[in-house]
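Engineer: Predicted model, plus sequence, below.
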Amino acid sequence: MARFLTTKGSLFEIENVIQRARRRLTIITPFVQVSDDFARRLRDADEQDIEIRLVCRVGSLAEKQKAALAEYRNLSIYDDAKLHAKCFVNESGLVLTSLNFYEASEQNNEMGV
């Protein structure tokens, strides 16, 4: 059953999608600047050999972020220069949201389902 999510609710459910992934995790978001909390969750998923796919605007990634993402063994990055969608998916759940995987978005008024 779909539920309306506030910014905090979206963040909570995105964290759940990451933590509950067992084989695959797909993150679709144009802009990426991973917070420390989410970096830890991704690192945990990577260490559990979960296949992580990130679809983003690669040209918008800061060099520091590119270097941090390059450290993940099981992460593949796909470029979509016109991407605007935001979706976080594992085998059993998903979050559709206006929230970018960007630390500053955590302070905005966002929504999701």
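Structural biologist: Thanks, I have it. Just so we're clear, the structure is a prediction, and the values are computed from it rather than from any experiment.

Engineer: could you dump the helix or strand where Thr26 lies to CSV, C-alpha only?
Structural biologist: Here Thr26, judged by DSSP states H and E, is contained in strand 24-28. Extracted C-alpha coordinates of strand 24-28, given in CSV (Å, rounded to 0.1, in the frame of the first residue of the first chain):
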residue,chain,number,x,y,z
ARG,A,24,20.3,-5.5,-5.9
LEU,A,25,19.9,-1.9,-5.1
THR,A,26,19.0,0.7,-7.7
ILE,A,27,19.3,4.4,-7.0
ILE,A,28,18.0,6.8,-9.6
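
Engineer: I'd like the next helix or strand past that strand.
Structural biologist: Using DSSP H and E, the helix or strand that directly follows strand 24-28 along the chain is strand 32-33.

Engineer: Relative to that next one, what are the paired strands and their orientations?
Structural biologist: Here strand 32-33 is paired, per DSSP bridges, with strand 101-102 (parallel).
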